[in-house]
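Peer 1: dropping the sequence and predicted coords here.
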Amino acid sequence: TGRAVAQATADLLESWLNRDESAVIGLGTGRTLRSAVELLPHLGAANHRVVSLTGNICPDGSTAYYNVLFTIADKVDARTYPMPLPVIAATAQERDGLLSQKTLATTRRLAARTDCRLVGIGSIDEQAPLVVDGFITASDGQRLRRRGAVGEILGFVFDARGNLVADDINTRVTSVTLERPPGMPTIAAAHGADKQAAIRAALTGRLVNGLVTDEQTAQALLD
């Protein structure tokens, strides 16, 4: 099922990259998105630009494994624009300082005016990707759950209604701002029983306006 969702996501991304009219395509992060990009054929898409919607640096300074921009750079001829930032800064003040760098101005402008966005949805449970991948601590995760958090997109944590949780974590995220409702196709690639609450919340809160998922997850959401 996971490979099927990744393949469907890859087909969608490929359809955008094959358009004649130039476009700015924004990519988030996540396991399904990374699998999707790995399934892409090599494409000549020099008329398009692909921009990261989120940082690509882990707290220890290493490259975020599930950030897909470097992977897609090997697959397409499009110009790519990474966001050389930690996904979650140490403090809100550090975040503001990082985002004020002039070298990021072009990438930030592109990320704000994308024609299409593909993002992942993470759950906020005991095995939350933000915790597993080291972006927040286990105690952070526990605190977020106590405050009603069920999911995250681009590092921003939200509750069952799709509202951002009032927590320090959300003041430190360096990703592009989530539009609500989105002003462009903003399509999530996510599936599985552990993601259902997060997916439902993202749809309910109009954080995304499209979804690539599997039949079982779709039926559970409809039920």
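Peer 2: In hand now; what should we look at? All of these numbers come straight from a predicted model, not from anything done at the bench.
Peer 1: only C-alpha atoms for contact and neighbour calcs from this point on.
Peer 2: Noted.
Peer 1: name the helices or strands packed onto the top helix by length along the chain?
Peer 2: Using DSSP state H to assign secondary structure, the helix with the most residues in the chain is helix 2-17. Identification of packing neighbours for helix 2-17 by 3 or more C-alpha pairs under 8 Å, 6 or more residues apart in numbering; DSSP states H and E yields helix 31-39, strand 186-189, strand 210-212.
Peer 1: swap the cut-off to 10 Å and go again
Peer 2: When contacts are defined as 3 or more C-alpha pairs under 10 Å, 6 or more residues apart in numbering; DSSP states H and E, helix 2-17 packs onto strand 24-27, helix 31-39, strand 116-120, strand 186-189, strand 210-212.
Peer 1: now the residue nearest the centre of the chain: how far from residue 116?
Peer 2: Residue closest to the average C-alpha location in the chain (C-alpha atoms, centre = their mean): residue 28, at 2.9 Å. With distances defined as C-alpha to C-alpha, to the nearest Å, the gap from residue 28 to residue 116 amounts to 11 Å.
Peer 1: averaged pLDDT, stretch 164-172. What do you get?
Peer 2: In this model, stretch 164-172 carries a mean pLDDT of 96.
Peer 1: buried set for it?
Peer 2: Buried positions in stretch 164-172, judged by neighbour count with 16 or more other C-alpha atoms under 10 Å: 164, 165, 169, 170, 171, 172.
Peer 1: cool, and stretch 98-113?
Peer 2: Buried residues in stretch 98-113, counted by 16+ other C-alpha under 10 Å: 98, 104, 107, 108, 110, 111, 112.
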